[in-house]
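> Can you look at this prediction? I've put the sequence above it.
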Amino acid sequence: MQIKERPIPNAVILDLNGDLTYAHRDLFKTAVETLRQKGCRHVILNMADVRFVDSSGLGLLALVSQNFKLNQGKVSMLRPQSYVREILGLANIPKLIPVFDNEQDAVNGKAQAA
Amino acid sequence: MNSNTLSKPAAPPVVATVLLVDDEPVSRLSMAARLKRMGLRVLEAGNGKDGLAILRRERPDLTILDWIMPDMDGPTVCEQVRQDPDILSSQLILMTSQDQPEQIAEGLARGADDFLSKSASKQEILARVQSGLRAASLVRSIESTRDELRDKQGELERELKSAAGYIQSLLPVAGEIAPSIDMAWTYRPSLALGGDLFNVSRWNDQSIYFYILDASGHGVSPALRAASFATFLRPENIRHCITQHDPAAMLVEANRRYPLTEDGNYFTIWIGSFNRVTHQLSYATAGHGGALIQRRDGAIEWLTHPHLPLGFEPESTYELTTLKIEAGDRVILMSDGIYEAPAPTGELWGTTRLETTLMDHRSAPLRETLPALMAEAERWHGSPVFPDDAALLGLEFRL
């Protein structure tokens, strides 16, 4: 998996490319936790190039969402592919992490929550 | 012994042993004297066969072999050593008066580690012997580490086997678990220890409850967490902590007790409770999608709905769904490892194929249907070892 960090006004987008699975758990966790420790309050996970999320990946999403909430921050997701959207839906992840179809909606979602 | 000293530098220094094999007494005595002056212990043999016997018995740190000897020459001794697993890592130096490149190449090809000319200077002999002893020390150190690793691996495997035996002991005994309710199961953990567990418990004369749980992650840690959770779900503990066997109430308590681990690990679980008087099945699920009912006529209905796994949200509540069980109905709980078994192409077996297989085996006894389902998933996967735990638990209600 490859992760690219892309700051935008009021949020940071992480462009994820590959599979969000057990094998890549450390890379993902480190990337998101680094942002949180730097004081980022809103991270947007761009899921457009994520092909698969396994059970470990679901746990990581829940974990980073919980950790951001502890700092009054939040995590959002952008454009998951249909199969990934189905996996996320079965575990009810969108209840924890809102899913958006474009960056501006994701940023506004944060603004509305604030 | 000297061999131990060479492999463990911290031990007190012990003199290294060199075996000298040469059929010419004068040449052998001269070389032996030189080696002794270097402070080495020297063993001697007058021919290849005796040399090989001493090498096997004494395991010297280094063996110097004359090339030309009657019956068994130096290169032949080298070949024999390399074919014997007990001594094949011995350090061997071939010695000859002819040190042509072709001969050196042949000697090395037949198993020698180094070459020494009979006309070599005292300094060269010293350097080659020391080089051979260094190599011997390294080889012995590697062998000693390898042996330690093998011992530890064996110990670890024995412990895993013992732990697997404990996990196995948590699983239910198949058969008639309550009047007119038959139960069967089959389980294939992906590793020695599985993170999927299931059970059926009698709550009282009227009710039973049963569940399947899946601890995320792989290896020993999820298996231990699963065992802990299974202990929590025992009737005596549930009576003590929750006082009722309502699946939704059990999940609320479990959600409180089992938060996400710091690595993001968690449980998914499906719990059902059946009342033998009202014939009602009530169930709740936390992110576990592996439950279905197959009616007597073969019709299949999945008993699941989207819900967060345990630990994802501290204040989660769980929806309780109730349905009526009819005579001959079967409830089957399964790991996602069954319907997510991938073919060699990567395509998952999927719930549709699983349903077709269940329909095909509806008339067979439950104890035969579950292994048939597992066998079909295995046939699709192309290997008896699935990438994830694969468990199947079935209940048949003969009401």
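Noted; the coordinates are in hand.
> What's opposite the residue most central in space within chain A in the beta bridge?
Geometric centre of chain A, nearest residue: A:Leu45, 3.3 Å, by CA atoms, centre = their mean. Beta-bridge pairing of A:Leu45 under DSSP bridges involves A:Leu14, A:Met77.
> Tell me if I'm right that it and A:Phe68 touch.
No. With contact defined as CB atoms under 8 Å, A:Leu45 does not count as touching A:Phe68 (11.1 Å). Glycine gets a C-beta too; all of them are placed from N, C-alpha and C.
> what touches both of the two?
Counting by CB atoms under 8 Å, 6 or more residues apart in numbering or on different chains, the residues touching both A:Leu45 and A:Phe68 are A:Val75.
> Contacts only, for A:Arg25.
Neighbouring residues of A:Arg25 by CB under 8 Å, 6+ apart: A:Ser56, A:Gly57, A:Leu60, B:Asp263, B:Gly264.
> quick one: the last one and A:Ser65 touch, right?
No. If you go by CB under 8 Å, B:Gly264 and A:Ser65 don't touch, sitting 10.3 Å apart.
> Could I get the contacting residues of A:Arg51?
Going by CB under 8 Å, 6+ apart, A:Arg51 touches A:Gly18, A:Asp19, A:Gln81, A:Tyr83, A:Val84.
> Report the two of these separated the most.
The most widely separated members of these, counting by CB to CB, are A:Gly18 and A:Tyr83 (14.3 Å).
> Would you mind telling me which of the two has more residues around it?
Between A:Gly18 and A:Tyr83, A:Gly18 has the larger neighbour count (other CB atoms under 10 Å in any protein chain shown), namely 16 against 12.
> How is that one classified with respect to secondary structure?
What DSSP: H, G, I helix; E, B strand; the rest coil gives for A:Gly18 is strand.
> Next, work out how far apart the residue nearest to it when sequence neighbours are not counted and A:Leu63 are.
Spatial nearest neighbour of A:Gly18, chain neighbours left out: A:Met1 (3.3 Å); criterion: CB to CB, 6 or more residues apart in numbering or on different chains. Per CB to CB, to the nearest Å, A:Met1 is found 16 Å from A:Leu63.
> more crowded one of the two?
A direct count of neighbours by other CB under 10 Å for A:Met1 and A:Leu63 places A:Leu63 higher, at 24 against 18.
> check contacts around the more buried one.
Contacts of A:Leu63 by CB under 8 Å, 6+ apart are A:Lys29, B:Leu260, B:Glu262, B:Asp263, B:Gly264.
> from memory B:Met38 sits against B:Val129, does it?
Yes. In this structure B:Met38 lies within contact range of B:Val129 using CB under 8 Å: 6.7 Å.
> Compare the two (neighbour count), which wins?
B:Val129 (23 against 15).
> Just after the strand or helix carrying the more buried one, pick out the following helix or strand.
Secondary structure from DSSP states H and E places B:Val129 in helix B:122-170. Once helix B:122-170 ends, the next helix or strand along the chain (criterion: DSSP H and E) is strand B:175-178.
> got the angle for the helix or strand that that next one is followed by vs helix B:122-170?
Using DSSP H and E, the helix or strand that directly follows strand B:175-178 along the chain is strand B:181-188. Angle of strand B:181-188 versus helix B:122-170, following axes from the mean of the first three to the mean of the last three CA atoms, to 10 degrees, is 170 degrees.
> who's in contact with the residue in chain B that chain A sits nearest to?
Ranked by CB to the nearest CB, the top residue of chain B for proximity to chain A is B:Gly264, at 3.6 Å. Neighbouring residues of B:Gly264 by CB under 8 Å, 6+ apart: A:Arg25, A:Lys29, A:Ser56, A:Gly59, A:Leu60, A:Ala62, A:Leu63, B:Ser216.
> Let's see that with 7 Å instead.
By CB atoms under 7 Å, 6 or more residues apart in numbering or on different chains, B:Gly264 lies in contact with A:Arg25, A:Ser56, A:Gly59, A:Leu60, A:Ala62, A:Leu63.
> Farthest-apart pair in those residues, please.
So, the contacts of B:Gly264 by CB to CB: farthest apart are A:Arg25 and A:Ala62, at 12.6 Å.
> and the residue lying closest to B:Gly48 once chain neighbours are set aside, what does it touch?
In space, B:Gly48 comes closest to B:Met72 once its chain neighbours are excluded; the distance is 2.9 Å by CB to CB, 6+ apart. By CB under 7 Å, 6+ apart, the contact set of B:Met72 is B:Asn47, B:Gly48, B:Lys49.
> my read: the first one touches B:Asp71, true?
Yes. Taking contacts as CB atoms under 7 Å, B:Asn47 lies within contact range of B:Asp71: 6.0 Å.
> between those two, which one's more packed in?
Between B:Asn47 and B:Asp71, counting by other CB under 10 Å, B:Asn47 is the more crowded of the two (18 against 10).
> Name the helix or strand for the residue of chain B closest to chain A, please.
Short version, using DSSP H and E: B:Gly264 is in no helix or strand.
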